[in-house]
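1. here is a sequence with its predicted model. Questions after.
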Amino acid sequence: MRIKKAVIPVAGMGTRFMPYTKAVPKEMLPIIDIPSIHFIIEEALNSGIKEVLFITAPGKGSIKDYFDKKPELEKFLKKKASPEILEQFNRIPTDFKKKFCNPENSKRAWRCNNARKRFYKRRKFRRVSSG
């Protein structure tokens, strides 16, 4: 059976990278010029993953924003930006199913656990660590 789903916990506070992670989630910190989470998703998609459940935390909305399609921005870049910038923009993986679960606090963590169970419904899944 081929694994097509991945659960990626990205709820850590990034304390080892303070003070940077006070404003930017550690998963969005760049490796050269690309956020680290980009490489994780790219590798998962290249291995056949079709759907990803992100277990997030408050303040991690930029992860969702990064993988959302942005037609207005793409239109603007086509008109005004250099081809290199447009190429970088188009490298961002957006064509996969994504779900986000934010437990908000430890008392609501069971919601994400239930969401995770519904997500893979007794099918095999891969847990991918981001840090």
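-> Good, I have the coordinates. Residues are numbered from 1 along each chain as shown.
2. from here on, contacts and neighbour counts on C-alpha atoms
-> OK.
3. what ranges do the helices span in the chain?
-> Taking DSSP state H as the test, the helices found in the chain are 36-46, 61-67, 71-80, 83-90, 109-120.
4. pick the most buried one from these.
-> helix 36-46 (a mean of 17; mean count of other C-alpha atoms under 10 Å).
5. can you give me the pLDDT of the closest residue to residue 66 other than its chain neighbours?
-> The shortest distance from residue 66 to any residue other than its chain neighbours is 7.9 Å, reached at residue 92 (C-alpha to C-alpha, 6 or more residues apart in numbering). Predicted confidence (pLDDT) for residue 92: 92.
6. same question, residue 1
-> As predicted, residue 1 sits at a pLDDT of 63.
7. residue 9 too?
-> In the predicted model, residue 9 carries a pLDDT score of 85.
8. and stretch 24-38, how far apart are its ends?
-> Across stretch 24-38, the terminal residues are separated by 15 Å (C-alpha to C-alpha, to the nearest Å).
9. pull the distance from it to the chain's centre.
-> 10 Å (C-alpha atoms, centre = their mean, to the nearest Å).
10. buried residues in that stretch, which are they?
-> Taking 16 or more other C-alpha atoms under 10 Å as the basis for neighbour counts, the residues of stretch 24-38 that come out buried are 24-29, 35-38.
11. Throw these into CSV and include pLDDT and distance to residue 59, thanks.
-> What follows is the buried residues of stretch 24-38, written out as CSV (pLDDT from 0 to 100; distance: C-alpha to C-alpha, whole Å):
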residue, pLDDT, distance to residue 59
24, 91, 8
25, 90, 7
26, 90, 11
27, 91, 12
28, 91, 12
29, 89, 14
35, 93, 16
36, 92, 17
37, 93, 15
38, 94, 18
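12. centroid residue for this protein?
-> residue 63 (5.1 Å; C-alpha atoms, centre = their mean).
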